[in-house]
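**Student:** please find the sequence and the predicted model below.
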Amino acid sequence: MRSLCTVLLKAGEKPEGGHDLASLLDEIAAVFPSPDEAGRLKRALFGGPAVRRDAGFVQASDSTVLQALTTAVAGSAIAPGTLDLDTRCGTLLVEDPAAARILFLSALEARTDIGRCIVTAMVDRMPASMLAEVLSAHPALAASLIKLRPDAVHEPAFWWVSEDLRRTLVEVSFRAASTSGERAQLVRTVLNAGLFELPPGTTRQLGAIGATALLDWLQANSGNSLPALGTGWTELLRAHPRRVTDWLTRVALPATSVCSVLPDILDPTRIYRDDNASVAWLGLIRASARRGETHTNAFVRSCAFGFALSKLDQSHDGAVLMATVFPSLHRALAANSYDHRTWTLIESYLPHLGFLWDWDRCERLRRAFIESYVENDWPPEYFLAAAQAASVRPALEALLGEVRNGKAFRKRVRAAVTEARDAAKVLSLTER
């Protein structure tokens, strides 16, 4: 490929009418801090025949000439199409990245046709790592570069910038994402880049699709050691409880990373409004149990959340959920092996026993359990299964004699025992 100087020399021999080449020459000369360099470029472009045979100016680099033309307003005297900018810029990015970066910044600031063509030619070919370097030096260009090269945000190298610039890029990228698919893909990219804190206000831009994408990512990365999610991500899940329950219903075996985080950030009073909430949470509890996580604090918190949810759900699903979580929760309270979050989840749903007896949290839990079954007229089979699993059947039957309508319910419980063929059948009821 001929050098750019050769092309310009050829064009200079036959100037077209209306081209102010003298003005262009003056502006190019003013671009360079070194008069010698400026003079050489003058000779290269418009010198006499003797000068044009000098090999020195013919070998002037394309980047030097392009930068001069880009920053000279009179560069419009030369049609960009005659310069083969696509090929030249692509070659420059490979052979001299440092010069390409300088040229790109000059072209961004230019107001000429050549400058705009150079930006277009380079931005499509520029590696994501170079875009990150440009943004690190000029953060104000974030919106412009992402608009010109939206696919770059999905490359890991694009995020090799400072923490402050990352937050700026997240805001601009999410604002630029126009479709649900783009937002979902961007959520995965940002999390893969290690951005576990979202800037304020980003939650609304992501919407419900962002919550689903976040859960999908947590599920896919369950085998990795993940840091705690920042406030922005947790707010995203909290703002879309229906998406959370839909996701739990759809996924057969929620990962530990999901099971451990949801009880800490969701609100039972918001999630229970979904008809599938109890069923969805039951799936989460059973997934944790299958993995042998029943002795972890995260599992106890999940049971506490499930208990609160079942207190709000008067349907048959609520009965199954309460019977499932009660034994593990009761054992944790009895052994004093629970954390503050567990207690805050259930405290408001437990009856008070008076100043002298409120210290007995297990007793308060048992009474809350009984009240739900009696008041909601839930199947006694589930009550019996939970009582036997928690090894508190005698205590619960005794309490039934102290609550309203409790004695009638106790008769139904005892009838269920008679009807059950063996203990295994009773204990398997909550799995149906």
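**Tutor:** Everything's here; your move.
**Student:** now A177: closest residue in space that isn't a chain neighbour?
**Tutor:** Computed as Cβ to Cβ, 6 or more residues apart in numbering, the closest residue to A177 that is not its neighbour in sequence is R183, at 4.6 Å. Backbone N, C-alpha and C define where each C-beta goes, glycine included.
**Student:** kindly apply the preceding question to V190 instead.
**Tutor:** V170 (6.0 Å).
**Student:** run a quick neighbour tally on the one you found.
**Tutor:** Other residues lying near V170 total 22 when counted by other Cβ atoms under 10 Å.
**Student:** contacts only, for it.
**Tutor:** If you count contacts by Cβ atoms under 8 Å, 6 or more residues apart in numbering, V170 has them with V190, L195, L198, P199, T202.
**Student:** which residues touch the first one?
**Tutor:** With contacts taken as Cβ under 8 Å, 6+ apart, V190 has the following neighbours: W159, V170, S173.
**Student:** wait, L214 touches R183, no?
**Tutor:** No - here L214 lies out of contact with R183, judged by Cβ atoms under 8 Å, at a distance of 10.9 Å.
**Student:** tell me which of these two has more neighbours.
**Tutor:** Set L214 next to R183 and count neighbours by other Cβ under 10 Å: L214 wins out with 28 against 19.
**Student:** phi, psi of the more buried one?
**Tutor:** Reported as degrees, to the nearest 10, the phi and psi values for L214 are phi -60, psi -50.
**Student:** and it, what pLDDT?
**Tutor:** In this model, L214 is scored at 93, pLDDT.
**Student:** do you know how far it is from M122?
**Tutor:** Distance, L214 to M122, using Cβ to Cβ, to the nearest Å: 34 Å.
**Student:** and stretch 390-400, what's its mean pLDDT?
**Tutor:** In this model, stretch 390-400 has a mean pLDDT of 87.
**Student:** ok, and for that stretch, which residues are buried?
**Tutor:** Residues of stretch 390-400 classed as buried by neighbour count (16 or more other Cβ atoms under 10 Å): A390, V392, R393, A395, L396, E397, L399, L400.
**Student:** and for stretch 240-251?
**Tutor:** Within stretch 240-251, the residues that qualify as buried by neighbour count (16+ other Cβ under 10 Å) are H240, P241, R242, R243, V244, T245, D246, W247, L248, T249, V251.
**Student:** let me know the closest of those to I346.
**Tutor:** Minimum distance to I346 across those is 18.7 Å, recorded for P241 (Cβ to Cβ).
**Student:** contacts only, for that closest one.
**Tutor:** Taking Cβ under 8 Å, 6+ apart as the test, what P241 contacts is L266, D267, R270, I271, R273, D274, A277.
**Student:** how about the secondary structure of the spatially most central residue of the chain?
**Tutor:** The chain has V187 as the residue nearest its centroid, 3.4 Å off, counting by Cα atoms, centre = their mean. Under DSSP: H, G, I helix; E, B strand; the rest coil, the three-state class of V187 is helix.
**Student:** need the overlap of contacts for L214 and R183.
**Tutor:** Counting by Cβ under 8 Å, 6+ apart, no residue touches both L214 and R183.
**Student:** any weak-confidence spans in the stretch 51-200 of the chain?
**Tutor:** Applying pLDDT under 70 to the stretch 51-200 of the chain flags the ranges 51-60, 64, 68-69, 71-82.
**Student:** please enumerate the helices of it.
**Tutor:** Under the criterion DSSP state H, counting those that start in this stretch, the stretch 51-200 of the chain contains helices at 55-58, 62-71, 85-95, 97-109, 113-123, 128-137, 142-148, 163-176, 180-192.
**Student:** buried residues in the last one, which are they?
**Tutor:** In terms of neighbour count (16+ other Cβ under 10 Å), helix 180-192 has its buried residues at E182, R183, A184, L186, V187, R188, T189, V190, L191.
**Student:** just how off-centre is it within its chain?
**Tutor:** Relative to the centre of its chain, helix 180-192 is centred 6 Å away, using Cα atoms, centre = their mean, to the nearest Å.
**Student:** give me the angle between it and helix 163-176.
**Tutor:** 170 degrees (axes from the mean of the first three to the mean of the last three Cα atoms, to 10 degrees).
**Student:** quick revisit: neighbour-wise, which of the contacts of P241 leads?
**Tutor:** Counting neighbours by other Cβ under 10 Å, A277 comes out on top of the contacts of P241 with 28 neighbours.
**Student:** just confirm that residue contacts T269, I think it does.
**Tutor:** No - between A277 and T269 there is no contact under Cβ under 8 Å: 10.9 Å.
**Student:** one step back: and the contacts of V190, which is closest to L345?
**Tutor:** Each of these was scored against L345 by Cβ to Cβ, and V170 proved nearest at 31.5 Å.
**Student:** from L226, how far off is the closest one?
**Tutor:** Taking Cβ to Cβ, one finds V170 at 18 Å from L226.
**Student:** same thing with S162?
**Tutor:** Taking Cβ to Cβ as the measure, S162 falls 22 Å from L226.
**Student:** do E347 as well
**Tutor:** E347 is 29 Å from L226, by Cβ to Cβ.
**Student:** neighbour count winner among the two?
**Tutor:** Applying other Cβ under 10 Å to E347 and L226 shows that L226 carries more neighbours, namely 16 against 12.
**Student:** so what pLDDT did that one get?
**Tutor:** L226 is given a pLDDT of 73.
**Student:** hmm, back to that, ok, so of the contacts of V170, who is nearest V417?
**Tutor:** L198 (53.3 Å).
**Student:** for that closest one, which non-adjacent residue is spatially closest?
**Tutor:** L198 sits nearest to G232 (Cβ to Cβ, 6+ apart), 2.4 Å away.
**Student:** with that, I have no additional questions.
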